[in-house]
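Engineer: sequence? don't have it. structure:
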């Protein structure tokens, strides 16, 4: 694990879609989590990141220890990206994984989770290891092979074979 690894920050959600209860990253400790940050009006999100997250979620359904979460993080065009619009978007793009709506900032256009993670924009991908530490944080379209290799490595690591996963450093 890189020396710069740090604990994943909480998702500050205003509301959730595709789940019957609010979720937190702590609920998924012991699993690998892919946090997919997007905006429905972002061309890079629609062309690459959203389909990738959908495919990854389909793969994750057959695994017990991989979770895909979306976060709709709106930092522009606020009036156009309402919950009703997002619900229609999720339906049209057949996104069935849980999606949080990033809580707006009281001080400006950048929502709270986006600001906390320092997202440069969308799409952004955060991969969180089994201990709850950020293993990768990237901006822009994520290469399928790079993401797949990272996830394969993280998924193959278990608390039994890697003592560093059994507790916090």
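Structural biologist: Yep, that arrived. Computed from a predicted structure; not experimentally measured. Residues are numbered from 1 along each chain as shown.
Engineer: I figured residue 117 was touching residue 126, is that so?
Structural biologist: Yes. Using CB atoms under 8 Å, residue 117 is in contact with residue 126, at 6.5 Å. Just so you know, the C-beta spots here come from the backbone N, C-alpha and C atoms, and that holds for glycine as well.
Engineer: in this structure, which spans are helices?
Structural biologist: Secondary structure of the chain (DSSP state H): helices located at 43-44, 50-60, 83-92, 112-117, 144-156.
Engineer: Can you name the residues in contact with the first one?
Structural biologist: By CB atoms under 8 Å, 6 or more residues apart in numbering, the surrounding residues in contact with helix 43-44 are 122, 123, 140, 141.
Engineer: Swap in 7 Å and give it another go.
Structural biologist: 123, 140, 141 (CB atoms under 7 Å, 6 or more residues apart in numbering).
Engineer: just the buried members of the residues you listed?
Structural biologist: residue 123 (16 or more other CB atoms under 10 Å).
Engineer: May I see the contacts of helix 43-44 organised as TSV, with distance to residue 27 and pLDDT added?
Structural biologist: Below are the contacts of helix 43-44 laid out as TSV (distance: CB to CB, whole Å; pLDDT from 0 to 100):
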residue	distance to residue 27	pLDDT
123	23	95
140	28	91
141	28	89
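Engineer: And the spatially most central residue of the chain, how close does it get to residue 116?
Structural biologist: Central residue of the chain (CA atoms, centre = their mean): residue 35, 1.0 Å from the mean position. From residue 35 over to residue 116 the distance is 12 Å, taken as CB to CB, to the nearest Å.
Engineer: Please report how far the closest residue to residue 141 other than its chain neighbours lies from residue 108.
Structural biologist: Of all residues not flanking residue 141 in the chain, residue 48 sits nearest, at 4.1 Å (CB to CB, 6 or more residues apart in numbering). Counting by CB to CB, the gap between residue 48 and residue 108 amounts to 28 Å.
Engineer: and those two? which has more neighbours close in?
Structural biologist: residue 48 (17 against 9; other CB atoms under 10 Å).
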